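> Quick one: sequence plus predicted model below, questions after.
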Amino acid sequence: MSMFAPSLGLFEKLVPELLKIKTRQNNLQKNHKREYYLSLLKTATIRWIIIRSLYDEESQYWFNNSSNPFKCIDWFQTFQKKSPKFSQLVTDYWLFDEYTDLIKQSFLTSLQKRYHLSSDQIEQFLTACPFQIDEKTLRNNFTALSLQKDQLIEKPERGHYQKISRNQLNSILENLKNSVELDLTFMTEDVASIVELLITKLQGKQRLFIHHNYVVPEGQREMVADKADFLKEIWKKQPTPPLEITYYSASLNKKDNYIVYPVCLYYYQRAYYLCAYGQAPENFKRHEQWYNYRLERILDLTEISWQGDKLPLTKDQIINDEKSYNPDYIQEQLKKAYGFDFYQPIDQMLLKFEPDFARRYINNSFRHQTFEKIEDIEEIISFIKQAKTAIQEQLIAKVKNFPHYDYYILSYRKNDNNVIMRLRSWSPNVEVLLPTELRQQIREDFLLTWQYYQDDVL
(Lines give C-alpha, C1' and ligand atoms only; values in the text may rest on other atoms or scores of the structure.)
Protein backbone atom coordinates (compact mmCIF):
# COMPACT_ATOMS: atom_id res chain seq x y z
CA MET A 1 0.00 0.00 0.00
CA SER A 2 2.84 2.43 0.79
CA MET A 3 3.98 2.50 -2.85
CA PHE A 4 0.66 4.18 -3.73
CA ALA A 5 0.70 6.70 -0.87
CA PRO A 6 -0.36 10.14 -2.18
CA SER A 7 2.62 12.34 -3.04
CA LEU A 8 3.23 15.25 -5.37
CA GLY A 9 5.79 13.17 -7.25
CA LEU A 10 3.10 10.63 -8.10
CA PHE A 11 0.52 13.35 -8.83
CA GLU A 12 2.88 15.08 -11.26
CA LYS A 13 3.42 11.74 -12.96
CA LEU A 14 -0.33 11.23 -13.35
CA VAL A 15 -0.90 14.82 -14.54
CA PRO A 16 2.27 16.11 -16.30
CA GLU A 17 0.63 19.53 -16.71
CA LEU A 18 1.38 20.16 -13.02
CA LEU A 19 5.05 20.30 -13.97
CA LYS A 20 4.59 22.07 -17.28
CA ILE A 21 2.73 24.98 -15.68
CA LYS A 22 5.89 25.86 -13.77
CA THR A 23 7.70 26.72 -17.00
CA ARG A 24 5.09 29.28 -18.00
CA GLN A 25 3.90 30.45 -14.61
CA ASN A 26 5.10 34.03 -15.28
CA ASN A 27 2.49 34.31 -18.02
CA LEU A 28 -0.31 33.48 -15.61
CA GLN A 29 -1.79 35.82 -13.06
CA LYS A 30 -1.19 34.56 -9.53
CA ASN A 31 -4.82 33.85 -8.65
CA HIS A 32 -5.54 32.24 -12.03
CA LYS A 33 -2.43 30.08 -11.69
CA ARG A 34 -3.50 28.78 -8.28
CA GLU A 35 -7.03 28.06 -9.51
CA TYR A 36 -5.48 26.15 -12.40
CA TYR A 37 -3.38 24.16 -9.94
CA LEU A 38 -6.52 23.23 -7.99
CA SER A 39 -8.17 22.01 -11.18
CA LEU A 40 -5.14 19.91 -12.09
CA LEU A 41 -4.89 18.53 -8.55
CA LYS A 42 -8.53 17.43 -8.77
CA THR A 43 -7.71 15.58 -11.99
CA ALA A 44 -4.66 14.00 -10.35
CA THR A 45 -6.85 12.82 -7.48
CA ILE A 46 -9.24 11.10 -9.88
CA ARG A 47 -6.39 9.37 -11.72
CA TRP A 48 -4.72 8.37 -8.44
CA ILE A 49 -7.98 6.69 -7.34
CA ILE A 50 -8.22 4.88 -10.68
CA ILE A 51 -4.64 3.60 -10.43
CA ARG A 52 -5.09 2.42 -6.83
CA SER A 53 -8.32 0.65 -7.73
CA LEU A 54 -6.56 -1.21 -10.55
CA TYR A 55 -3.30 -2.18 -8.87
CA ASP A 56 -3.54 -1.88 -5.07
CA GLU A 57 -5.05 -5.12 -3.83
CA GLU A 58 -5.26 -3.69 -0.29
CA SER A 59 -7.48 -0.81 -1.38
CA GLN A 60 -11.13 -1.12 -0.43
CA TYR A 61 -11.93 -0.09 -4.03
CA TRP A 62 -9.75 -2.68 -5.74
CA PHE A 63 -11.12 -3.56 -9.19
CA ASN A 64 -10.55 -7.32 -9.25
CA ASN A 65 -11.89 -7.84 -12.74
CA SER A 66 -11.96 -11.28 -14.32
CA SER A 67 -11.83 -9.86 -17.85
CA ASN A 68 -8.80 -7.99 -19.13
CA PRO A 69 -9.18 -5.92 -21.34
CA PHE A 70 -12.17 -4.21 -19.74
CA LYS A 71 -14.48 -1.33 -20.60
CA CYS A 72 -14.69 1.91 -18.63
CA ILE A 73 -18.31 1.09 -17.82
CA ASP A 74 -17.19 -2.20 -16.24
CA TRP A 75 -14.86 -0.34 -13.91
CA PHE A 76 -17.51 2.29 -13.15
CA GLN A 77 -20.21 -0.22 -12.24
CA THR A 78 -17.88 -2.14 -9.90
CA PHE A 79 -16.70 1.11 -8.35
CA GLN A 80 -20.29 2.30 -7.84
CA LYS A 81 -21.26 -0.95 -6.09
CA LYS A 82 -18.39 -0.63 -3.63
CA SER A 83 -19.20 3.00 -2.88
CA PRO A 84 -22.78 4.03 -3.77
CA LYS A 85 -22.17 7.57 -2.43
CA PHE A 86 -18.84 8.01 -4.25
CA SER A 87 -19.89 11.30 -5.89
CA GLN A 88 -20.46 12.89 -2.45
CA LEU A 89 -17.07 11.91 -0.94
CA VAL A 90 -14.52 14.70 -0.62
CA THR A 91 -10.84 14.66 -1.63
CA ASP A 92 -9.72 14.52 2.02
CA TYR A 93 -11.50 11.18 2.36
CA TRP A 94 -10.25 9.71 -0.90
CA LEU A 95 -6.60 10.56 -0.27
CA PHE A 96 -6.14 9.99 3.44
CA ASP A 97 -8.84 7.71 4.84
CA GLU A 98 -6.55 4.67 4.57
CA TYR A 99 -3.35 6.52 5.53
CA THR A 100 -2.17 8.07 8.78
CA ASP A 101 -1.70 11.75 9.61
CA LEU A 102 2.03 11.41 8.83
CA ILE A 103 1.21 10.93 5.14
CA LYS A 104 -1.42 13.68 5.18
CA GLN A 105 0.80 16.30 6.81
CA SER A 106 3.72 15.44 4.53
CA PHE A 107 1.53 15.78 1.44
CA LEU A 108 -0.13 19.03 2.48
CA THR A 109 3.17 20.63 3.53
CA SER A 110 4.67 19.80 0.13
CA LEU A 111 1.50 21.02 -1.59
CA GLN A 112 1.69 24.41 0.09
CA LYS A 113 5.40 24.86 -0.59
CA ARG A 114 5.33 23.65 -4.19
CA TYR A 115 2.38 25.71 -5.44
CA HIS A 116 2.23 28.49 -2.80
CA LEU A 117 -1.40 27.74 -2.04
CA SER A 118 -3.15 29.53 0.79
CA SER A 119 -4.86 27.73 3.66
CA ASP A 120 -8.24 28.56 2.10
CA GLN A 121 -7.19 27.10 -1.24
CA ILE A 122 -5.92 23.91 0.38
CA GLU A 123 -9.23 23.65 2.25
CA GLN A 124 -11.03 24.18 -1.07
CA PHE A 125 -9.01 21.31 -2.57
CA LEU A 126 -9.68 18.97 0.37
CA THR A 127 -13.44 19.62 0.52
CA ALA A 128 -14.09 19.30 -3.22
CA CYS A 129 -15.89 16.18 -4.49
CA PRO A 130 -13.66 14.90 -7.32
CA PHE A 131 -16.22 12.44 -8.71
CA GLN A 132 -18.89 15.02 -9.44
CA ILE A 133 -18.07 14.56 -13.11
CA ASP A 134 -19.81 13.12 -16.16
CA GLU A 135 -19.06 9.80 -17.85
CA LYS A 136 -17.11 11.47 -20.68
CA THR A 137 -14.71 13.16 -18.25
CA LEU A 138 -14.12 9.87 -16.47
CA ARG A 139 -13.41 8.11 -19.79
CA ASN A 140 -11.03 10.90 -20.79
CA ASN A 141 -8.99 10.28 -17.63
CA PHE A 142 -8.65 6.60 -18.50
CA THR A 143 -7.57 7.56 -22.01
CA ALA A 144 -5.05 10.11 -20.68
CA LEU A 145 -3.43 7.44 -18.51
CA SER A 146 -3.12 5.17 -21.55
CA LEU A 147 -1.48 7.89 -23.68
CA GLN A 148 1.30 8.91 -21.30
CA LYS A 149 4.94 8.17 -22.09
CA ASP A 150 5.05 5.58 -19.30
CA GLN A 151 1.65 4.02 -19.79
CA LEU A 152 -0.12 3.15 -16.55
CA ILE A 153 -3.03 1.67 -18.55
CA GLU A 154 -2.90 0.15 -22.02
CA LYS A 155 -5.56 0.69 -24.68
CA PRO A 156 -5.40 -2.38 -26.93
CA GLU A 157 -8.62 -1.65 -28.83
CA ARG A 158 -11.29 1.01 -29.14
CA GLY A 159 -13.37 1.37 -25.98
CA HIS A 160 -11.26 -1.08 -23.99
CA TYR A 161 -8.45 -0.72 -21.47
CA GLN A 162 -5.96 -3.17 -20.02
CA LYS A 163 -3.77 -3.28 -16.92
CA ILE A 164 -0.03 -3.22 -17.40
CA SER A 165 2.09 -5.97 -15.84
CA ARG A 166 3.24 -5.77 -12.22
CA ASN A 167 6.89 -5.53 -13.39
CA GLN A 168 6.06 -2.55 -15.62
CA LEU A 169 4.20 -0.86 -12.79
CA ASN A 170 7.02 -1.43 -10.29
CA SER A 171 9.54 0.00 -12.76
CA ILE A 172 7.49 3.18 -13.23
CA LEU A 173 6.92 3.67 -9.50
CA GLU A 174 10.58 2.95 -8.74
CA ASN A 175 11.55 5.89 -10.96
CA LEU A 176 9.39 8.14 -8.79
CA LYS A 177 11.38 7.47 -5.59
CA ASN A 178 13.36 10.69 -5.89
CA SER A 179 10.11 12.65 -6.14
CA VAL A 180 8.17 11.17 -3.24
CA GLU A 181 7.91 13.61 -0.35
CA LEU A 182 8.01 10.94 2.35
CA ASP A 183 11.07 9.03 1.17
CA LEU A 184 11.66 6.25 3.70
CA THR A 185 14.83 4.84 2.12
CA PHE A 186 16.94 6.71 4.69
CA MET A 187 15.75 4.36 7.43
CA THR A 188 17.75 1.37 8.53
CA GLU A 189 16.42 -1.97 7.31
CA ASP A 190 15.08 -2.95 10.72
CA VAL A 191 12.99 0.24 10.93
CA ALA A 192 11.96 0.17 7.27
CA SER A 193 10.57 -3.34 7.71
CA ILE A 194 7.79 -2.04 10.00
CA VAL A 195 7.26 1.35 8.35
CA GLU A 196 4.03 0.12 6.73
CA LEU A 197 2.43 0.32 10.17
CA LEU A 198 3.55 3.91 10.47
CA ILE A 199 1.94 5.21 7.30
CA THR A 200 -1.17 3.06 6.84
CA LYS A 201 -4.24 2.40 8.94
CA LEU A 202 -5.56 -1.03 9.92
CA GLN A 203 -9.34 -1.22 10.16
CA GLY A 204 -9.37 2.57 10.23
CA LYS A 205 -6.90 2.94 13.13
CA GLN A 206 -3.21 3.76 13.34
CA ARG A 207 -1.38 1.02 15.27
CA LEU A 208 2.23 2.27 15.39
CA PHE A 209 3.38 5.43 17.19
CA ILE A 210 6.90 6.77 17.62
CA HIS A 211 7.83 9.01 20.52
CA HIS A 212 10.31 11.53 19.15
CA ASN A 213 12.46 12.67 22.06
CA TYR A 214 13.65 16.12 20.92
CA VAL A 215 15.69 18.29 23.30
CA VAL A 216 15.62 21.46 21.21
CA PRO A 217 13.39 24.11 22.89
CA GLU A 218 10.05 24.56 21.18
CA GLY A 219 10.81 28.20 20.37
CA GLN A 220 13.86 27.16 18.31
CA ARG A 221 12.30 24.33 16.35
CA GLU A 222 10.96 26.50 13.53
CA MET A 223 14.42 28.02 13.16
CA VAL A 224 15.93 24.52 12.92
CA ALA A 225 13.36 23.57 10.27
CA ASP A 226 14.26 26.70 8.27
CA LYS A 227 17.93 25.72 8.34
CA ALA A 228 17.06 22.21 7.17
CA ASP A 229 15.05 23.70 4.27
CA PHE A 230 18.01 25.95 3.39
CA LEU A 231 20.33 22.93 3.30
CA LYS A 232 17.85 21.00 1.19
CA GLU A 233 18.03 23.72 -1.47
CA ILE A 234 21.85 23.79 -1.22
CA TRP A 235 22.04 20.05 -1.92
CA LYS A 236 19.92 20.45 -5.05
CA LYS A 237 22.76 22.44 -6.65
CA GLN A 238 25.52 20.86 -8.72
CA PRO A 239 28.14 20.96 -7.44
CA THR A 240 27.19 21.50 -3.80
CA PRO A 241 28.62 24.89 -2.76
CA PRO A 242 30.55 25.54 0.49
CA LEU A 243 28.98 27.49 3.36
CA GLU A 244 30.10 30.04 5.88
CA ILE A 245 28.37 29.36 9.19
CA THR A 246 28.23 31.21 12.47
CA TYR A 247 28.34 28.57 15.18
CA TYR A 248 28.12 28.63 18.96
CA SER A 249 30.33 25.94 20.49
CA ALA A 250 29.02 24.80 23.87
CA SER A 251 32.34 23.17 24.77
CA LEU A 252 34.29 26.38 24.08
CA ASN A 253 31.45 28.67 25.20
CA LYS A 254 31.99 30.98 22.22
CA LYS A 255 30.68 31.66 18.75
CA ASP A 256 32.76 32.01 15.61
CA ASN A 257 32.59 31.73 11.83
CA TYR A 258 33.63 28.58 9.98
CA ILE A 259 33.80 27.67 6.29
CA VAL A 260 32.56 24.13 5.64
CA TYR A 261 31.41 21.74 2.95
CA PRO A 262 27.95 20.40 4.01
CA VAL A 263 27.44 16.66 3.48
CA CYS A 264 24.27 15.48 5.27
CA LEU A 265 21.94 15.84 8.25
CA TYR A 266 21.64 13.33 11.08
CA TYR A 267 19.13 12.98 13.87
CA TYR A 268 21.12 11.54 16.77
CA GLN A 269 20.57 11.45 20.52
CA ARG A 270 17.56 13.81 20.50
CA ALA A 271 18.88 16.56 18.22
CA TYR A 272 19.77 17.29 14.58
CA TYR A 273 23.34 17.68 13.35
CA LEU A 274 24.95 18.92 10.16
CA CYS A 275 27.86 16.66 9.21
CA ALA A 276 30.37 18.82 7.37
CA TYR A 277 34.02 18.94 6.37
CA GLY A 278 36.04 22.10 6.88
CA GLN A 279 36.97 24.47 9.67
CA ALA A 280 35.87 23.29 13.10
CA PRO A 281 35.71 24.64 16.68
CA GLU A 282 37.80 21.87 18.24
CA ASN A 283 41.04 22.72 16.47
CA PHE A 284 40.50 26.50 16.38
CA LYS A 285 40.51 26.51 12.57
CA ARG A 286 44.17 25.60 12.19
CA HIS A 287 43.29 23.00 9.55
CA GLU A 288 40.29 21.22 8.07
CA GLN A 289 38.48 18.22 9.54
CA TRP A 290 35.09 16.58 9.85
CA TYR A 291 32.72 17.92 12.50
CA ASN A 292 29.11 17.42 13.65
CA TYR A 293 27.46 20.84 14.04
CA ARG A 294 24.35 20.78 16.20
CA LEU A 295 21.73 22.47 14.05
CA GLU A 296 20.11 24.82 16.58
CA ARG A 297 23.57 26.16 17.50
CA ILE A 298 24.19 27.27 13.93
CA LEU A 299 23.26 30.93 14.19
CA ASP A 300 23.64 31.76 10.51
CA LEU A 301 24.34 30.02 7.18
CA THR A 302 25.56 31.73 4.02
CA GLU A 303 26.30 30.15 0.67
CA ILE A 304 29.70 31.15 -0.72
CA SER A 305 31.48 30.58 -4.01
CA TRP A 306 34.16 27.99 -4.70
CA GLN A 307 36.25 30.88 -6.02
CA GLY A 308 36.16 32.86 -2.75
CA ASP A 309 39.51 34.28 -1.65
CA LYS A 310 39.01 33.16 1.99
CA LEU A 311 38.12 29.57 1.08
CA PRO A 312 40.41 27.09 2.85
CA LEU A 313 38.97 24.17 0.84
CA THR A 314 39.68 23.48 -2.80
CA LYS A 315 36.97 22.44 -5.22
CA ASP A 316 39.18 19.70 -6.66
CA GLN A 317 39.85 18.32 -3.18
CA ILE A 318 36.15 17.95 -2.37
CA ILE A 319 34.13 17.55 -5.55
CA ASN A 320 36.54 15.24 -7.36
CA ASP A 321 36.90 12.90 -4.38
CA GLU A 322 33.49 11.23 -4.47
CA LYS A 323 34.43 8.51 -1.98
CA SER A 324 35.62 10.71 0.88
CA TYR A 325 33.13 13.56 1.12
CA ASN A 326 29.66 12.07 0.89
CA PRO A 327 27.03 10.44 3.16
CA ASP A 328 28.17 6.92 2.26
CA TYR A 329 31.61 7.65 3.71
CA ILE A 330 30.03 8.75 7.00
CA GLN A 331 27.88 5.61 7.10
CA GLU A 332 30.97 3.46 6.62
CA GLN A 333 32.78 5.24 9.44
CA LEU A 334 29.85 4.88 11.82
CA LYS A 335 29.86 1.13 11.25
CA LYS A 336 33.53 0.88 12.19
CA ALA A 337 33.07 1.99 15.80
CA TYR A 338 30.39 2.91 18.32
CA GLY A 339 29.78 6.66 18.73
CA PHE A 340 28.52 9.53 16.60
CA ASP A 341 31.76 11.51 16.30
CA PHE A 342 32.89 9.37 13.38
CA TYR A 343 36.04 11.46 12.87
CA GLN A 344 37.50 10.64 16.30
CA PRO A 345 40.19 7.91 16.67
CA ILE A 346 39.09 4.32 17.32
CA ASP A 347 39.95 2.18 20.32
CA GLN A 348 38.64 -1.08 21.77
CA MET A 349 37.09 -1.57 25.19
CA LEU A 350 36.68 -4.72 27.22
CA LEU A 351 33.55 -4.82 29.38
CA LYS A 352 32.55 -7.10 32.26
CA PHE A 353 28.80 -7.42 32.87
CA GLU A 354 26.99 -8.74 35.92
CA PRO A 355 25.55 -12.04 34.59
CA ASP A 356 21.87 -11.57 35.52
CA PHE A 357 21.86 -8.07 34.01
CA ALA A 358 23.58 -9.38 30.89
CA ARG A 359 21.05 -12.20 30.56
CA ARG A 360 18.10 -9.81 30.74
CA TYR A 361 19.36 -6.76 28.84
CA ILE A 362 22.62 -7.39 26.95
CA ASN A 363 22.82 -10.90 25.56
CA ASN A 364 21.05 -11.35 22.22
CA SER A 365 20.68 -7.59 21.76
CA PHE A 366 22.27 -5.44 19.04
CA ARG A 367 24.38 -2.49 20.21
CA HIS A 368 26.83 -2.05 17.33
CA GLN A 369 28.38 -4.12 14.57
CA THR A 370 31.56 -4.45 16.67
CA PHE A 371 29.84 -5.38 19.94
CA GLU A 372 30.91 -9.00 20.48
CA LYS A 373 30.66 -11.43 23.38
CA ILE A 374 33.79 -13.43 24.30
CA GLU A 375 32.97 -16.81 25.78
CA ASP A 376 36.50 -18.20 26.14
CA ILE A 377 38.33 -17.03 29.31
CA GLU A 378 41.70 -17.66 27.66
CA GLU A 379 40.72 -15.41 24.78
CA ILE A 380 39.83 -12.67 27.26
CA ILE A 381 43.19 -13.06 29.01
CA SER A 382 44.99 -12.93 25.65
CA PHE A 383 43.14 -9.68 24.85
CA ILE A 384 44.32 -8.17 28.16
CA LYS A 385 47.93 -9.24 27.54
CA GLN A 386 47.94 -7.61 24.11
CA ALA A 387 46.96 -4.30 25.73
CA LYS A 388 50.23 -4.31 27.74
CA THR A 389 48.78 -2.26 30.58
CA ALA A 390 50.45 -1.64 33.95
CA ILE A 391 47.51 -3.34 35.72
CA GLN A 392 47.60 -6.41 33.48
CA GLU A 393 48.04 -8.93 36.32
CA GLN A 394 45.22 -7.39 38.36
CA LEU A 395 42.84 -7.56 35.40
CA ILE A 396 43.77 -11.17 34.62
CA ALA A 397 43.19 -12.11 38.26
CA LYS A 398 39.79 -10.34 38.16
CA VAL A 399 38.72 -12.33 35.12
CA LYS A 400 39.82 -15.61 36.68
CA ASN A 401 37.94 -14.77 39.88
CA PHE A 402 34.72 -13.99 37.95
CA PRO A 403 34.60 -16.58 35.15
CA HIS A 404 30.79 -16.69 35.22
CA TYR A 405 30.47 -12.99 34.32
CA ASP A 406 29.77 -11.91 30.72
CA TYR A 407 32.60 -10.25 28.79
CA TYR A 408 32.22 -8.13 25.66
CA ILE A 409 34.56 -6.19 23.39
CA LEU A 410 33.46 -3.06 21.54
CA SER A 411 35.19 -0.69 19.13
CA TYR A 412 34.37 2.89 20.05
CA ARG A 413 35.22 6.51 19.21
CA LYS A 414 37.51 8.10 21.75
CA ASN A 415 36.46 11.48 23.18
CA ASP A 416 32.83 10.86 22.18
CA ASN A 417 30.56 11.83 25.06
CA ASN A 418 27.81 9.53 23.76
CA VAL A 419 30.04 6.57 24.61
CA ILE A 420 30.45 7.76 28.20
CA MET A 421 26.70 8.30 28.52
CA ARG A 422 26.03 4.74 27.37
CA LEU A 423 28.45 3.28 29.93
CA ARG A 424 26.88 5.37 32.69
CA SER A 425 23.43 4.08 31.78
CA TRP A 426 24.63 0.51 32.40
CA SER A 427 26.03 1.28 35.85
CA PRO A 428 26.43 -0.38 38.30
CA ASN A 429 26.10 -3.53 36.22
CA VAL A 430 29.17 -3.06 34.03
CA GLU A 431 32.88 -2.60 34.66
CA VAL A 432 35.27 -1.14 32.09
CA LEU A 433 38.40 -3.28 32.18
CA LEU A 434 40.17 -1.78 29.14
CA PRO A 435 41.48 0.57 27.97
CA THR A 436 42.97 1.87 31.21
CA GLU A 437 42.48 5.55 30.32
CA LEU A 438 38.75 4.96 29.80
CA ARG A 439 38.62 2.90 32.99
CA GLN A 440 40.30 5.76 34.86
CA GLN A 441 37.89 8.31 33.38
CA ILE A 442 34.87 6.31 34.53
CA ARG A 443 36.44 5.86 37.95
CA GLU A 444 37.03 9.61 38.34
CA ASP A 445 33.45 10.35 37.24
CA PHE A 446 32.05 8.07 39.93
CA LEU A 447 34.33 9.53 42.60
CA LEU A 448 33.06 13.02 41.75
CA THR A 449 29.48 11.78 41.76
CA TRP A 450 29.98 10.11 45.13
CA GLN A 451 30.87 13.48 46.66
CA TYR A 452 27.28 14.60 46.13
CA TYR A 453 25.88 11.70 48.15
CA GLN A 454 28.45 10.72 50.81
CA ASP A 455 27.06 13.06 53.48
CA ASP A 456 23.51 11.74 53.28
CA VAL A 457 22.08 10.31 56.51
CA LEU A 458 20.42 6.99 55.80
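Structure's in. What do you need?

> Retrieve the pLDDT associated with Phe186.
The pLDDT attached to Phe186 in the predicted structure is 47.

> Then Lys323?
Confidence at Lys323, expressed as pLDDT, is 80.

> what does Tyr343 give?
The pLDDT attached to Tyr343 in the predicted structure is 93.

> Find the nearest non-adjacent residue to it, please.
For Tyr343, the nearest residue in space outside its immediate sequence neighbours is Trp290; the separation is 3.7 Å by Cβ to Cβ, 6 or more residues apart in numbering. The C-beta positions use only the backbone N, C-alpha and C, and glycine is treated the same way.

> mind listing the strands for the stretch 201-350 of the chain?
Along the stretch 201-350 of the chain, counting by DSSP state E, counting those that start in this stretch, strands occupy 243-249, 254-268, 271-278, 289-294, 298-303, 346-353.

> By residue count, which helix of this structure is the longest?
Longest helix in the chain, counting residues (DSSP state H): helix 30-55.

> which is the next helix or strand following that one?
Along the chain past helix 30-55, the next helix or strand (assigned with DSSP states H and E) turns out to be strand 70-71.

> Give the other helices and strands that that next one contacts.
strand 160-163 (3 or more Cβ pairs under 8 Å, 6 or more residues apart in numbering; DSSP states H and E).

> Give me the buried positions along the strand it packs on.
Counting neighbours by 16 or more other Cβ atoms under 10 Å, one finds that the buried residues in strand 160-163 are 161-163.

> want to throw those into a markdown table with pLDDT?
Rendered in a markdown table, the data for these read as follows (pLDDT from 0 to 100):
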| residue | pLDDT |
| --- | --- |
| Tyr161 | 88 |
| Gln162 | 87 |
| Lys163 | 87 |
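
> list the helices and strands the longest helix of the chain packs on?
helix 8-14, helix 17-23, helix 72-82, helix 91-96, helix 101-115, helix 119-127, helix 135-147.

> One more pass at 6 Å, please.
Judged by 3 or more Cβ pairs under 6 Å, 6 or more residues apart in numbering; DSSP states H and E, the packing partners of helix 30-55 are helix 8-14, helix 119-127, helix 135-147.

> Near Thr314, how many residues? Count them for me, please.
Thr314 is surrounded by 10 other residues when neighbours are defined as other Cβ atoms under 10 Å.

> So what does it have for phi and psi?
According to degrees, to the nearest 10, the main-chain angles of Thr314 amount to phi -110, psi 140.

> For Val263, see how far away it is.
Counting by Cβ to Cβ, to the nearest Å, the gap between Thr314 and Val263 amounts to 16 Å.

> likewise Tyr343?
To Val263, Tyr343 is 12 Å away according to Cβ to Cβ.

> More neighbours: the two, which one.
When Tyr343 and Val263 are compared for neighbours, Val263 comes out ahead with 20 against 16, by other Cβ under 10 Å.

> Not counting residues beside it along the chain, what's closest to that one?
In space, and not counting its chain neighbours, Val263 is closest to Cys275: 5.0 Å by Cβ to Cβ, 6+ apart.

> May I have the predicted confidence score for the one you found?
Here, the pLDDT recorded for Cys275 equals 95.

> List the contacts of it.
Applying Cβ atoms under 6 Å, 6 or more residues apart in numbering to Cys275 gives the contacts 263-264, 266, 292, 330.

> Output those as a markdown table; include the columns distance to Lys42 and pLDDT.
Rendered in a markdown table, the data for these read as follows (distance: Cβ to Cβ, whole Å; pLDDT from 0 to 100):
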| residue | distance to Lys42 | pLDDT |
| --- | --- | --- |
| Val263 | 41 | 93 |
| Cys264 | 37 | 92 |
| Tyr266 | 39 | 90 |
| Asn292 | 45 | 95 |
| Ile330 | 43 | 93 |
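
> Next, format the residues you listed as CSV and append distance to Ser83.
CSV is the format used below for these (distance: Cβ to Cβ, whole Å):
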residue, distance to Ser83
Val263, 48
Cys264, 44
Tyr266, 44
Asn292, 51
Ile330, 48
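
> got the angle between the host helix or strand of Ser382 and strand 346-353?
Secondary structure assigned from DSSP H and E places Ser382 in helix 377-387. Angle, helix 377-387 to strand 346-353, by axes from the mean of the first three to the mean of the last three Cα atoms, to 10 degrees: 140 degrees.
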